[in-house]
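Enquirer: Could you look at this predicted model? Sequence included:
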Amino acid sequence: MQKDELIQFHMFLLQLKNHLEDMLDNNNGLEFQSYDKLNVTPYLIYKSKREHKLAIFLLSKGIANLLSYNNFPGLEKISNRLGQISERFMTEKEKGLCFC
């Protein structure tokens, strides 16, 4: 994907996150703690392509966690796999901040 496509996808996932948080019990936002700590939003277009990919994986993982927390079965495995994939994109500094 091109960087602009990643940013558009990032924006879509952020809108989905906000919509789901309004509709479902969001467990005090714990699902998105890693995404929030990363501090990469779709509006920060100067961030690198790698950072936006990492944000997309962390945001997707949070969405899967939110849905599994609200009785949508089978999403735990997807969430775990997204967590593993996001670790591949992390730098040592990001891993040190314990985004996992």
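Expert: That came through, no problem.

Enquirer: What are the boundaries of the helices in this protein?
Expert: With DSSP state H, the ranges of helices along the chain come out as 3-23, 33-38, 49-69, 75-89, 92-96.

Enquirer: Deepest in the core, which of the ones you listed is it.
Expert: Greatest average neighbour count among these goes to helix 49-69 (a mean of 22), per mean count of other CB atoms under 10 Å. For every residue, glycine as well, the C-beta is placed using N, CA and C.

Enquirer: what's it packed up against?
Expert: With contacts taken as 3 or more CB pairs under 8 Å, 6 or more residues apart in numbering; DSSP states H and E, helix 49-69 sits against helix 3-23, helix 33-38, helix 75-89.

Enquirer: Kindly reformat the helices of the chain as TSV containing mean pLDDT.
Expert: Shown next, in TSV, are the helices of the chain (pLDDT from 0 to 100):
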stretch	mean pLDDT
helix 3-23	94
helix 33-38	90
helix 49-69	92
helix 75-89	87
helix 92-96	77
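
Enquirer: in the protein, which residue is closest to the centre?
Expert: Centroid-nearest residue in the chain: residue 59, 1.3 Å away (criterion: CA atoms, centre = their mean).

Enquirer: For that residue, which residues are in contact?
Expert: 10, 13, 14, 17, 32, 35 (CB atoms under 8 Å, 6 or more residues apart in numbering).

Enquirer: Run through the residues that contact the fifth one.
Expert: In other words, residue 32. Residue 32 makes contact with 17, 58, 59, 62, 66, according to CB under 8 Å, 6+ apart.

Enquirer: same deal with the second one?
Expert: Applying CB under 8 Å, 6+ apart, one finds that residue 13 lies in contact with 56, 59, 60, 63.

Enquirer: The third one now?
Expert: Contacts here follow CB under 8 Å, 6+ apart; on that basis residue 14 touches 41, 42, 59.

Enquirer: would you list those residues in a markdown table and tack on distance to residue 95?
Expert: As requested, the contacts of residue 14 are arranged in a markdown table below (distance: CB to CB, whole Å):
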| residue | distance to residue 95 |
| --- | --- |
| 41 | 21 |
| 42 | 23 |
| 59 | 18 |
